[in-house]
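>>> Mind folding the following:
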Amino acid sequence: MLMMHQTQRLVSLAEDIEKIRRKIRCASCSSSYPRMRTTDGKSHFYTWKFFRDFLSTGDKQRIEAGFGDVDKGSLLSLKEAVDYLYAIRCDVVHEGNYWGFNFSSDGTTTMTAGPTVNIGVRIRYPEFRDMVVRGAVEAIHSKLPT
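Numbers count the residues shown, from 1 in each chain. This is a model prediction of the structure:
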């Protein structure tokens, strides 16, 4: 039950964040979900584990198709995309940089300068949010008794 409430809380925060502070997106909230209860210093590992273990194959492929390295002219792997999103999360949480990342507004490439590389983002926020919610539901199901 706690996981369901935490998922709802984080998604609601991501939905309302523009009202609270303009131009903030859900990268931090989304990548924070899998590490909500960790105190062992492995938040990056748990974030990767969430995307790797609980997203469907189709959602993983959509993330891979949704993020590209502008300088190299190539798409990011799932691991690279998750690492990038985690870097965005850290930039928001630790540096207070709420303006360095934007999802695509219409599915076309949006250029965004991140903390490590220049990224072209083709994925829209509602798509990404829905992937995270589906992953959260899968994670919750994995914890239920069979």
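>>> Mind checking what secondary structure the closest residue to Ile119 other than its chain neighbours has?
Among residues not flanking Ile119 along the chain, Thr112 sits closest, at 5.3 Å (CB to CB, 6 or more residues apart in numbering). All C-beta spots, glycine's among them, are computed from the backbone N, C-alpha and C. Here Thr112 is recorded as strand under DSSP: H, G, I helix; E, B strand; the rest coil.
>>> check contacts around Thr112.
Contacts for Thr112 (CB atoms under 8 Å, 6 or more residues apart in numbering) come out as Gly100, Phe101, Asn102, Asn118, Ile119, Gly120, Val121.
>>> gap between the spatially closest residue to the last one that is not a sequence neighbour and Leu76?
Of all residues beyond its chain neighbours, the one nearest Val121 is Thr110 (4.8 Å), with distances taken as CB to CB, 6+ apart. Counting by CB to CB, to the nearest Å, the gap from Thr110 to Leu76 is 14 Å.
>>> Which elements pack onto the strand or helix carrying Trp48?
Following DSSP states H and E, one finds Trp48 within helix 43-54. Counting contacts by 3 or more CB pairs under 8 Å, 6 or more residues apart in numbering; DSSP states H and E, helix 43-54 packs against helix 57-66, helix 78-95, helix 125-143.
>>> I'd like to know which of the ones you listed lies nearest to Thr7.
Within the helices and strands packed on helix 43-54, the stretch nearest Thr7 is helix 125-143; the backing value is 4.1 Å (CB to CB).
>>> Check the offset of that closest one from the chain's centre.
Remark: helix 125-143 is offset 11 Å from the chain centroid, using CA atoms, centre = their mean, to the nearest Å.
>>> Which strands or helices does it pack on?
Contacts defined by 3+ CB pairs under 8 Å, 6+ apart place helix 125-143 against helix 2-20, helix 27-32, helix 43-54, helix 57-66.
>>> among those, where is the model least confident on average?
Ranked by mean pLDDT, the helices and strands packed on helix 125-143 end with helix 27-32 at the bottom, a mean of 44.
>>> hmm, back to that, dump the contacts of Thr112 to TSV, plus neighbour count and secondary structure.
TSV is the format used below for those (neighbours: other CB atoms under 10 Å; DSSP: H, G, I helix; E, B strand; the rest coil):
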residue	neighbour count	secondary structure
Gly100	17	coil
Phe101	26	coil
Asn102	15	coil
Asn118	13	strand
Ile119	25	strand
Gly120	18	strand
Val121	24	strand
